[in-house]
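Enquirer: Below are the sequence and a predicted model; questions follow.
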Amino acid sequence: MPTLAPFDLEGHCLLTCFVNDIPFFVMADGTVHWQDNGHQQVTAHDGILCATLSFDGKNILTGGEDGRICRIDASGKVTEIAHQPRKWITTIASGPHGMVAFGSGRIAWVLGSDGKLQEFAQERSVEGIACAPKGQRIAIARYNGADLIWTGTAAKPVDLDWKGAHIDATFSPDGRFLVTSMQENALHGWRLEDNRHMRMTGYPAKIKSWSWSVKGKWLATSGASAAIVWPFASKDGPMGKAPLELGMRGDTMVTSVCCHPSEDIVAIGYQDGMIMVVRFADSKEVLLRRPGKSAISSMGWDKAGHRLSFGSENGDCGLIDITT
């Protein structure tokens, strides 16, 4: 039976993840907490608006209301890596070789491993940003589509148009697909070899959480009363295929998903604070946590896939060991 260690904090947990096998919890109030020989914490910003685990898994990257972009290592050391005065940094992404992309208003920036900062002015607000898995390219989610930009070159951006408000973006791990989440309770995707459209609709709520499976064959998403898991193994991706519906509950919505680092299973967090893990192959379910105080907002596995950290909208956080 899994064991659960509660970690009660105050406020909204934006991100939880493991850095060097240490569980971290990034809070909207600007504090970062971690468990390493007891409860540790540091204040990184006046307020944090976005956070992500670095591409190599060795740091957390944060953007704040203070215009600062920071890197936080496994010891909790906070290093400012960029600063845009009087800007709210609302989206951030990490790529290979230390690449960091972030956005505010109608401007996106890319910070390279050499410390060089590139600025990309946009016609519309930068709603979401993603780095391609091989680097050199970013995607910007915006109103009426997305833009693909080759960094370090003068090449013209590629416009991927689709009507509606696109609010976040993610590349498939093999770089063949780009998927955006939309204000209209849907996903939209493009097969990048020919920019063919992929429509993924039918959600009753906005998709606020997604997670690629270990080999990128599946994309798990929130936004329904089950985790909606789209197949991406074939060259056509999910086109013409029905998704899996895992962990169905009729009385509450899925608010967070997190795929296992080595197995085709997914942790599913719900609006009432409950957490289950479900296997793709046969939909077998294991309860990890009974309902809590608030909706699960983020989850993260350690490298071995033995421990799962979770955070909630009201600071109801913790750590689950699935091996005991």
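Expert: Thanks, I have it.

Enquirer: in the stretch 201-324 of the chain, which spans are strands?
Expert: Ranges of strands within the stretch 201-324 of the chain are 210-212, 218-221, 227-231, 244-246, 254-259, 265-270, 275-279, 285-289, 296-301, 307-312, 316-321, based on DSSP state E, counting those that start in this stretch.

Enquirer: Equivalent analysis for the stretch 51-200 of the chain, please.
Expert: Going by DSSP E, counting those that start in this stretch, the stretch 51-200 of the chain shows strands at 60-64, 68-72, 78-83, 91-94, 100-104, 107-111, 117-121, 128-131, 137-150, 158-171, 177-182, 187-191, 196-200.

Enquirer: tell me the contacts of L111?
Expert: I69, I81, A82, M99, V100, A101, F102, L117, Q118 (Cβ atoms under 8 Å, 6 or more residues apart in numbering). Every C-beta, even on glycine, is put in place using the N, C-alpha and C of the backbone.

Enquirer: For the closest residue to the third one other than its chain neighbours, grab the count of nearby residues.
Expert: Once its chain neighbours are removed from consideration, A82 has its nearest residue in I69; the separation is 4.2 Å (Cβ to Cβ, 6 or more residues apart in numbering). Neighbour count of I69, defined by other Cβ atoms under 10 Å: 26.

Enquirer: Quick check: I69 vs L117, distance?
Expert: 10 Å (Cβ to Cβ, to the nearest Å).

Enquirer: Return every residue with contacts to both of those two.
Expert: In contact with both I69 and L117: A82, L111, using Cβ under 8 Å, 6+ apart.

Enquirer: which other residues reach stretch 134-142?
Expert: Under Cβ under 8 Å, 6+ apart, the answer for stretch 134-142 is 93, 95-97, 99, 101, 103, 108, 110, 120, 122, 124-132, 146-152, 166-169, 171, 175, 178, 180-181.

Enquirer: how far is that stretch from where the chain is centred?
Expert: Averaging C-alpha positions (Cα atoms, centre = their mean, to the nearest Å) puts stretch 134-142 15 Å from its chain's average.

Enquirer: and it, what's its mean pLDDT?
Expert: For stretch 134-142, the mean pLDDT works out to 93.

Enquirer: Buried residues, that stretch. List them.
Expert: Of the residues in stretch 134-142, G135, Q136, R137, I138, A139, I140, A141, R142 count as buried by neighbour count, 16 or more other Cβ atoms under 10 Å.

Enquirer: In CSV, list these along with distance to V214.
Expert: Converted to CSV, the buried residues of stretch 134-142 look like this (distance: Cβ to Cβ, whole Å):
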residue, distance to V214
G135, 21
Q136, 24
R137, 23
I138, 24
A139, 22
I140, 27
A141, 25
R142, 30
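
Enquirer: any idea which of those is closest to L246?
Expert: A141 (25.7 Å; Cβ to Cβ).

Enquirer: Can you get me a residue count around the closest residue to the closest one other than its chain neighbours?
Expert: Spatial nearest neighbour of A141, excluding adjacent residues (Cβ to Cβ, 6+ apart): G128 at 3.7 Å. Look at G128: counted by other Cβ under 10 Å, it has 22 neighbours.

Enquirer: Cross-check the contact I'm expecting between G128 and I167.
Expert: Yes: counting by Cβ atoms under 8 Å, I167 is a contact partner of G128 at 5.7 Å.

Enquirer: Spell out which residues are contacts of both of these two.
Expert: A141, T180, S181.

Enquirer: Closest one of those residues to T221?
Expert: S181 (8.1 Å).

Enquirer: In contact with the closest one, which residues?
Expert: Contacts of S181 (Cβ under 8 Å, 6+ apart): G128, A141, H166, I167, D168, A169, L187, K206, I207, K208, W210.

Enquirer: same thing but 10 Å
Expert: Counting by Cβ atoms under 10 Å, 6 or more residues apart in numbering, S181 touches 127-128, 141, 165-170, 187-188, 200, 203, 206-210, 221-223.
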